[in-house]
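> Predicted model follows, preceded by the sequence.
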Amino acid sequence: MNDPIGPVDATRVPRYGGDTTFARLPRLADVADADAVLWGVPFDTGVSYRPGARFGPNHVRQSSRLLRPYNPAMDAEPFAVRQVADAGDVGVNPFDITEAIDTIEASARELSGTGRSLITIGGDHTIALPLLRVQHERHGPIAVLHFDAHLDTWDTYFGAPYTHGTPFRRASEEGLIDFQHSMHVGLRGPLYSKLDLDESERLGFAAVHSREFARTPLDTLIDRIRTRLGSRPVYVSIDIDVLDPAFAPGTGTPEAGGLSSRELLEVLRGLDGLNVVGCDLVEVSPAYDHAELTGIAAAHVLYEMLTVLPLGGR
Ligand SMILES: N=C(N)NCCCC(=O)O
Ligand SMILES: [Zn+2]
Ligand SMILES: [Zn+2]
């Protein structure tokens, strides 16, 4: 492998100008090949409340301009040990959800190539379903680590099966999920019924609720998460609304009482050494953001994810 091409040097080219790729990394077309590909899915036709996550990918990219190459928390240089590239956005039909899901699945399959890690910026949470289908093709039933205020294991909205509140139910029904090793983290807020929690368990998910963060040491929670995931291939799906609205106001279905950015970043660092095969970051809706708070939180979340991705051959 040639030395990876890293971000544009901010001590030479001011970080507020120029091309807007994630962390000012090269575009996929500008590198020979990549170990990890980051791309955007500007789709929000699946939302049940505030819209706007279709603008998420470019907002997160814009908010990622201040990221620097060295991660002191992990003593790591995520862009020096692997080639990371930004593949831009997929052209996805905003008027037809099933067609959009098919397009996302086909593009994810193509971009993952013969073993690249795929990091997806949404978009609303509907997009996790086609992403999981592609992971399942490669790895079989997959351990899903799902950070979210919401279960997203609901059945239908207005009779519609493919929405941002239903991807993990569909994934479970399709046999994509490893029932013994999947988990929600950060659940909170009112539900439709007590049965929602039983159903989610039946569909294969253990849970760490947001309120547990107030009373349980972080290391204990990280141990619980690592024990649940084991050595399985893990797909990490992060809905930015897992953060408290104070840390991430720019999202479509905010719920009070969420994680702090510091807690979430620490938990992600705690995934180091696990077999993480891909991830998504969804539900950033910039029209409800202020001072790029949500975009910056999302950019840092992806930076930590890129740091803990296992190094693999292409
Ligand atoms: N933000 C996501 N993904 N899901 C929220 C669904 C909440 C609801 O309308 O019941
Ligand atoms: Zn959510
Ligand atoms: Zn969600």
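Good, I have the coordinates. Residues are numbered from 1 along each chain as shown. Ligands and ions are numbered 1, 2, ... in the order given.

> The stretch 101-250 of the chain against ligand 2: which residues are in contact?
When proximity is defined by C-beta under 5 Å from the ion, the stretch 101-250 of the chain lies next to ligand 2 at Asp148, Ala149, His150, Asp239, Asp241. For every residue, glycine as well, the C-beta is placed using N, CA and C.

> Now do the contacts for the residue lying closest to Thr251 once chain neighbours are set aside.
Here the nearest residue to Thr251 in space, its sequence neighbours aside, is Asp241; by C-beta to C-beta, 6 or more residues apart in numbering that works out to 4.5 Å. Residues touching Asp241, when contacts are defined by C-beta atoms under 8 Å, 6 or more residues apart in numbering, comprise Asp148, Ala149, His150, Ala248, Thr251, Gly252, Thr253, Pro254, Glu255, Gly258, Glu283.

> most surrounded residue in these?
Counting neighbours by other C-beta atoms under 10 Å, the top entry in the contacts of Asp241 is Glu283, with 32 neighbours.

> Now do that residue, the pLDDT please.
Glu283 carries a pLDDT score of 99 in this model.

> contacting residues for it?
Under the criterion of C-beta under 8 Å, 6+ apart, the neighbours of Glu283 are 53, 56, 122-125, 164, 239-241, 251-253.

> Try it again at 10 Å.
44, 47, 50, 52-53, 56, 122-125, 148-150, 164, 238-242, 248, 250-254, 294, 298 (C-beta atoms under 10 Å, 6 or more residues apart in numbering).

> Need the three-state assignment for Val92.
The assignment at Val92 comes out as coil when based on DSSP: H, G, I helix; E, B strand; the rest coil.

> State the distance from it to ligand 2.
Taking C-beta to the ion, to the nearest Å as the measure, Val92 falls 20 Å from ligand 2.

> pretty sure Ile296 is touching Ile240, no?
No. Proximity of Ile296 to Ile240 does not meet the contact threshold set by C-beta atoms under 10 Å, at 11.1 Å.
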